[in-house]
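Q: Structure of the sequence below:
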Amino acid sequence: MVEVDQMHFQTVDYVIFALLLVASAGIGLFYAFSGGRQRTTQEFLMADRSMSCLPVSLSLLATFQSAVAILGAPSEVYTFGTQYWFLGCSYFLGLLIPAHVFIPVFYRLRLSSAYEYLELRFNRTVRVCGTVTFIFQMVIYMGVVLYAPALALNAVTGFDLWGAVLAMGLVCTLYTVLGGLKAVIWTDVFQTVVMFAGQLAVIVVGTSKAGGIGEVWRKAINGSRIAGLDLNPDPLERHTFWTLGVGGVFLMLALYGVNQAQVQRYLSSRTEKEAVMSCYVVFPCQQIVLCLGCLMGLVMFALYGEDSPLDKGYVKTKDQMVLYFVMDVFRELPGLPGLFVACLFSGALSTISSAFNSLATVTMEDLIKPHFPNMTEAKATLLSKALALAYGLVCLAMAYLASIMGSVLQAAFSIFGMVGGPLLGLFCLGMFFPWANSIGAVVGLAAGLAMAFWIGIGSFVMRMSSGTPVPPLNTTVLPLFDNMTTTVMTTLVSANTAKPRPTGVEALYSLSYMWYSAHNSATVVVVGLIVSLLTGPMKEKELTPGTVYPVLGTLLFFLPERYREKLCCVTPLAQKSKDTNVQPYQMAKKDSNGAAYCKDDTVTEEQETESDRAQTEKDDLETRIKLPSCQLTAHTVQETAL
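A: Now for the predicted structure:
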C-alpha cells in the first residue's frame, strides 16, 4: 500500500475535473439562451412540463445517488459484507407504490409544489407547516453534502478543500439559476453517465489488479463478506432482510413518493404515462448502482483483506478508504483518478442542484405567491431565479459552518434524516384516510417530528453516556438514502451486538435506523387519526375531489355502499385526461377555514368551438354521474401558466 502523502493529482486529473464543471455550466448556459429562455415560472421551475421519460428517470437516479453514497456504500460492504445488498429488495415496492399511487394524484392535480396538495386536502396551515419542515431539512443538509466529499478528497490527495467547495457551489448555482429545471435535469443525465464511468473504471482496474473476478469472489467468501439471507425479525438488529427489504420501502417512499425534488421531476413530464415510466426505468438503474457499490467494496477487500488502510493509519475515517483505494489502484494511470473525482462530485452537484431548484419552487409557490396573487409572470420568474441564487449562497455558508462545527455535523445528518419519515406520514394521512382533518394533520406532524428527535437525540446521548465513541463526521456508514430522505444515522447504529438486549426506552433508542422512516410516519398517521376523530372527522362533501386515493374503498369492497359512504370510502381518484394539454381537475379553491367549495367552471366562446363545448357538456354529465353530487364537478380546462 502507498503512503497517503504520496498521492497527489497530476495535471490531467485537474483537467478532467475542470471539464466536468465546464460541461455542467455549459448545459445551464445553453438552456438560458435557447428555447423559452426561462422567461416563465412554468419553464424555470417545471421545465415547461415537457420532459420525456429517459432524462427524468436518470435525473431521479442522480438526485438519489449522492457523493456520500459513492463513498459510503463500498466502505460499508468492505467492513460488514454484502448484507447491505438486500436493500435492493425494497426498491420494487418503493417505486411501484409511487408510480401507481402518488404520481397519479399529484400529476392529475397539476401541481407545482408537492405541498400544494396539503392545502387542497387540508388547509393552508398544513401546507405551510409541510413547506417549512422541508426547507429546514434541505438547508441543514446542503452544506454538509457539499463539504463532506471535499473534506475526504483533501485528506487523501491534498486537493484544495475550499477550491473544490467554491468551484462546485458556484458552478452548481450558475447552471441552476440560468437554466432552471431543464438544465438541472440534463446536467443530472450527464453527471449520471460520469458517475457510472468512474465507478466502472475503478471496478475494472481494481479487479484486474486483484487477479480477476473469480479471485475477488473467492477472497470475499473466505473473508466472510458474502452475506446470506438473515431473516431475524428483531427490529433492533442493524441489518437483516426485514430491516433492509421492508424498512427500506418506507425510506424509498419518503424519497420517491413525496419529496419535492423528485415530485417536481414527475410533474415536469409531458404525460402521466411518461412520469410513471420514469419510475420503472429507475428501478433497474438503482439495482445496477447498488451492485456497483457492493462490487467496489468486494474489490477493496480482495486487495486489502482484513488489513485495511484505516487500520494501518493511512486514512482516518472509513469514507476516506474509498478515495485511498482509488488513488492506490490508479497511481500508474494518470487521468483516471480525475475521472473518479469527477464521478464523486457529479453526485454532489446533482444533489445540490436538485435542492436549489426544489427549495426555490416551494418558497415561491407556497410562501410567496399566495400573498401576491397578482404578481406578473416576469416578476415571478425573476424572483424564482433570485431564490435559487440565494439558496446557492446559503449552501456555501452552510459548508463553512460545517467546517467549524466538527462532530456536531453528526447531528446535522441525523436532523436531515429525522424529517423524511414524518413528512411521508403527513402525505399518507391525507391521501389514504379521508376522515383525517387539518387539526389531526398538524398535531400528527408535530408528534412525528417530536418522536423522531426524541429517539435520535436519546440514542446519541445514550451512546455518549455509555462511553461508546461516536465516529467523526465523514464515517457515514450507510448513506445510500442520505441525499433526500433518511440516512446517515451513524449515531444510531449499535456498535456492539454482544451487549445484553436493551429493554424499555433503551430498546427504542436502539431501533435500527432502517425502521426510522416507518416508525415516524406511522406515528404521524396514528396520532393524526386519533386527533381527527376526537375533533370531528372530515365529511365526504368537505373533500376536494382527486386528493384521496381510494385505497380504503378498494380494501373495504365487501361493505355495503352506505357504510363506505359514511367512511368517505367512495371518493374516486381524479379522471385521467386523454389530452395531454388539458387539466383534468380545476384547482379547487378554499375559503379561510380550509374547506373546499364548489366553483363551476366557465369557458368562454372564444376559448372553444361549438363542437368542443358539446363534448365538454357530455363529459361533464358523465362525471356528475360518477361523483357524489356534493363534490366539485370535474372539468377539463385549458392549462394556463401559473
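
Q: From here on, just use CA atoms for contacts and neighbour counts.
A: Fine.

Q: secondary structure class for T547?
A: coil (DSSP: H, G, I helix; E, B strand; the rest coil).

Q: Skipping its backbone neighbours, what lies nearest it in space?
A: Nearest residue to T547, sequence neighbours excluded (Cα to Cα, 6 or more residues apart in numbering): R121, at 5.8 Å.

Q: How about the contacts made by that neighbour?
A: G430, L543, T544, T547, V548 (Cα atoms under 8 Å, 6 or more residues apart in numbering).

Q: I'd like the residues you listed laid out as JSON lines, including distance to P537 and pLDDT.
A: Output for these, formatted as JSON lines (distance: Cα to Cα, whole Å; pLDDT from 0 to 100):
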{"residue": "G430", "distance to P537": "12", "pLDDT": "92"}
{"residue": "L543", "distance to P537": "11", "pLDDT": "84"}
{"residue": "T544", "distance to P537": "15", "pLDDT": "85"}
{"residue": "T547", "distance to P537": "16", "pLDDT": "88"}
{"residue": "V548", "distance to P537": "14", "pLDDT": "87"}
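
Q: Please identify which of the residues you listed is nearest to C395.
A: Comparing the contacts of R121 against C395 with Cα to Cα places G430 closest, at 32.0 Å.

Q: quick one: the closest one and A67, what's the gap?
A: According to Cα to Cα, to the nearest Å, G430 stands 34 Å off from A67.

Q: Also G456?
A: G456 is 24 Å from A67, by Cα to Cα.

Q: Between those two, point out the one with more neighbours.
A: Counted by other Cα atoms under 10 Å, G456 and A67 do not tie: A67 has more neighbours, with 29 against 26.

Q: What is the burial count for the closest residue to the more buried one other than its chain neighbours?
A: Nearest non-adjacent residue to A67, counting by Cα to Cα, 6+ apart: G347, 4.4 Å away. Using other Cα under 10 Å, G347 is surrounded by 30 other residues.

Q: Run through the residues that contact G347.
A: A62, T63, Q65, S66, A67, V68, I70, Q191, T192, M195.

Q: cool, and F190?
A: S24.

Q: Against G347, how distant is it?
A: 11 Å.

Q: Repeat that for M321.
A: From M321 over to G347 (counting by Cα to Cα), the distance is 18 Å.

Q: Low-confidence stretches in the stretch 501-642 of the chain?
A: 501, 503-504, 557, 564-642 (pLDDT under 70).

Q: show me what contacts the closest residue in space to S268 that isn't next to it in sequence?
A: Excluding its sequence neighbours, the residue lying closest to S268 (Cα to Cα, 6+ apart) is R49, at 4.0 Å. R49 is in contact with Q42, E43, L267, S268, S269, R270, counting by Cα under 8 Å, 6+ apart.

Q: Not counting sequence-adjacent ones, nearest residue to the first one?
A: In space, Q42 comes closest to D48 once its chain neighbours are excluded; the distance is 5.0 Å by Cα to Cα, 6+ apart.

Q: Check the fifth one too.
A: Nearest non-adjacent residue to S269, counting by Cα to Cα, 6+ apart: M51, 4.6 Å away.

Q: how many other residues sit next to the closest residue to I135 other than its chain neighbours?
A: Once flanking residues are discounted, I135 sits nearest to L359: 6.5 Å by Cα to Cα, 6+ apart. Number of residues near L359 (other Cα under 10 Å) recorded here: 24.

Q: From S438, how far off is L359?
A: From L359 to S438 the distance is 24 Å (Cα to Cα).

Q: now do P74
A: According to Cα to Cα, P74 stands 44 Å off from S438.

Q: Of these two, give the one with the bigger neighbour count.
A: P74 (31 against 28).

Q: for that one, what are its contacts?
A: Taking Cα under 8 Å, 6+ apart as the test, what P74 contacts is G293, C294, L295, M296, G297, L298, M300, V322.
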